[in-house]
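Chemist: fold the following and give me the result.
(one chain, ligands or ions: 1)
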Amino acid sequence: MLKRIGLYCFTQDLRIEDNLQLQRALSECDSLLFVYIHASQTQFHQHFSPHQWEGQHKRAFRQQSLQHLKASVGECGHVLHQFVGQRSSIITQLLSLNEAITDVYLCTGADWDLLRLKEYVESRHSNISVNSVCSNALFNQSDLPFEIEQLPSSFSSFRKKVEKMPILQPLKQQTLNDVEPYVCNVQGIEPFSDSNENVSLMYSGGESSGADHIKAYFETNRASSYKETRNHFDEWQHSTVFSLWLAWGCITPRQIVSALKQYEHENGQNDSTYWILFELLWREYFRLYAEKHGTKLFTFDGIQQKRPLTTFYAEQYRAWCAGRTGYDVVDACMRQLNQTGMMSNRGRQLVASCFVHELGLDWRYGAAYFEAMLIDYDVSSNWGNWQYLAGVGADPRGHRKFDLEKQTQWYDPNREFIKRWAEA
Ligand SMILES: Cc1cc2nc3c(=O)[nH]c(=O)nc-3n(C[C@H](O)[C@H](O)[C@H](O)COP(=O)(O)OP(=O)(O)OC[C@H]3O[C@@H](n4cnc5c(N)ncnc54)[C@H](O)[C@@H]3O)c2cc1C
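Modeler: Numbering: from 1, shown residues only. The predicted structure follows:
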């Protein structure tokens, strides 16, 4: 019988555990080749993020996550090959050099670039089976009580439809020992060389660090007061910080919900514990929203097809990026982002509101800057939230402008956060 040899291309699923796509590859193939491609900048990014392709914190966190993955794969006798360049051309080169490959596995999620990549590989290599299942979601798409085209236009109605649905348990532990490593030909393909940048990160990347963080978080009683504390600007223990590992697929929302349920079982349920699930539902909503709306996620008039009264002023944009707008709280948040790769949810709302409403800038430049800088950048949550704040997305109110002074009085009454970052 013909041996099945799979090319497993890790994307936003840098983990072994609870990985549906990987489980499928392991059960279908006799032999696997593991690959990660460091994608080069697209034309879209060159346009919207001309001077900043990728922040050093984001890069370092991903590199740590990859180092962990490489070690886990290596423990089972496999190799994680890393290349740099255009994903479509590297996959094509690998398939031409290694004709024995029968299957490609790619975790696309709702990422438009990855969905196009899947289409490209399918159209160029009709003899290869291209598999992509979403392994980073709370719900299986087939279990949802609506087709993707009928995704409710507001989060509230989505939540009401799905909230009572059971959330599946994470998958049982997986092992790579059952498949043979595939020894491949990589002649002429540019390998990735790890530059070992010396960047200090508040949290380290990788599957085991993510799992340790979930465990440590629920060993405290912080989940029981999460709802009251989550809006702090830089006391990271006040929110969960799960987004860092979720973004790279080092952990899954199902693992979080499973730990949350256990916590509620032992410590009781309250508004705060419920609110963690509520926020994960927002993430799920934006994931489905991105899938439904495709390229509209990135257009100026968004899904509302309403053109905002904003444009692009280079000087204002540069001031916002550098934290020099003159709006103290915005400047503090932007400096924090530039120096750590992180920003609180409240901070993101305020700087985005300032970008659109005070500075009159085209929201897509702000979203692209976040894409470059945030460690936890996630295509659906980022562009979906920016659309929401720019009044062209899923917000039924259609216009959300924050009063920056009032917000400062509420969330930084002694201006400690502002002072901390003023000189940075
Ligand atoms: C303009 C803007 C851009 C954003 N860009 C991103 C992004 O690129 N990546 C990202 O993960 N989140 C993004 N968010 C959502 C939110 O700010 C972050 O998820 C949150 O700050 C992450 O910190 P945490 O894990 O401590 O969140 P917590 O408050 O502890 O929430 C728990 C989890 O719920 C999810 N979540 C919380 N709030 C939201 C939200 N508004 N939308 C979607 N999911 C949410 C996240 O997965 C988060 O990890 C953005 C929000 C705004 C306003």
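
Chemist: any figure for the gap between Thr295 and Gln141?
Modeler: For Thr295, the distance to Gln141 equals 20 Å [CB to CB, to the nearest Å]. In this view, the C-beta of every residue, glycine as well, is placed from N, C-alpha and C.

Chemist: more crowded one of the two?
Modeler: Gln141 (13 against 8; other CB atoms under 10 Å).

Chemist: that one contacts Ile148, correct?
Modeler: Yes. Gln141 lies in contact with Ile148 (CB atoms under 8 Å); the separation is 7.1 Å.

Chemist: what parts of the protein come near the ligand?
Modeler: Contacts of the chain with the ligand, taken as CB under 6 Å from any ligand atom, map to 230, 239-243, 246-247, 276, 279-280, 282-283, 286, 344-345, 348-349, 352, 370, 374, 376-378, 381-382, 385-386, 389.

Chemist: please, which helix or strand holds Tyr263?
Modeler: helix 253-267 (DSSP states H and E).

Chemist: and the contacts of that helix?
Modeler: Contacts with helix 253-267, where a contact means CB atoms under 8 Å, 6 or more residues apart in numbering, come from 17-18, 136-138, 167-170, 211, 214-215, 217-218, 221, 223-224, 240, 242, 246, 273, 276-277, 280, 283-284.

Chemist: quick one: distance of that helix to the chain centre.
Modeler: Between the centre of helix 253-267 and the centre of its chain there are 21 Å (CA atoms, centre = their mean, to the nearest Å).

Chemist: next helix or strand past it?
Modeler: Going down the chain from helix 253-267, the next helix or strand is helix 271-293, by DSSP H and E.

Chemist: that next one - contacts with which helices or strands?
Modeler: Judged by 3 or more CB pairs under 8 Å, 6 or more residues apart in numbering; DSSP states H and E, the packing partners of helix 271-293 are helix 155-162, helix 226-229, helix 253-267, helix 379-390.

Chemist: could you list the domains of this protein?
Modeler: As given by automatic domain parsing, the domain ranges for the chain are 5-135, 207-293, 296-417.

Chemist: coming back round to it: reformat the helices and strands packed on helix 271-293 as JSON lines; add mean pLDDT, distance to Leu201 and mean neighbour count.
Modeler: Shown next, in JSON lines, are these (pLDDT from 0 to 100; distance: least, CB to CB, whole Å; neighbours: other CB atoms under 10 Å):
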{"stretch": "helix 155-162", "mean pLDDT": "96", "distance to Leu201": "31", "mean neighbour count": "16"}
{"stretch": "helix 226-229", "mean pLDDT": "94", "distance to Leu201": "23", "mean neighbour count": "16"}
{"stretch": "helix 253-267", "mean pLDDT": "97", "distance to Leu201": "21", "mean neighbour count": "18"}
{"stretch": "helix 379-390", "mean pLDDT": "95", "distance to Leu201": "20", "mean neighbour count": "24"}
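
Chemist: now the angle from the helix holding Tyr263 to helix 271-293?
Modeler: Here the directions of helix 253-267 and helix 271-293 differ by 160 degrees (axes from the mean of the first three to the mean of the last three CA atoms, to 10 degrees).

Chemist: show me the contacts for the residue of the stretch 51-200 of the chain found nearest the ligand.
Modeler: Across the stretch 51-200 of the chain, the shortest distance to the ligand (CB to the nearest ligand atom) belongs to Phe155, at 9.1 Å. Residues in contact with Phe155 (CB under 8 Å, 6+ apart) are Leu281, Trp282, Tyr285, Ala394.

Chemist: closest to the ligand out of those residues?
Modeler: The closest of the contacts of Phe155, once distances to the ligand are taken by CB to the nearest ligand atom, is Trp282, at 4.1 Å.

Chemist: cool, thanks, signing off.
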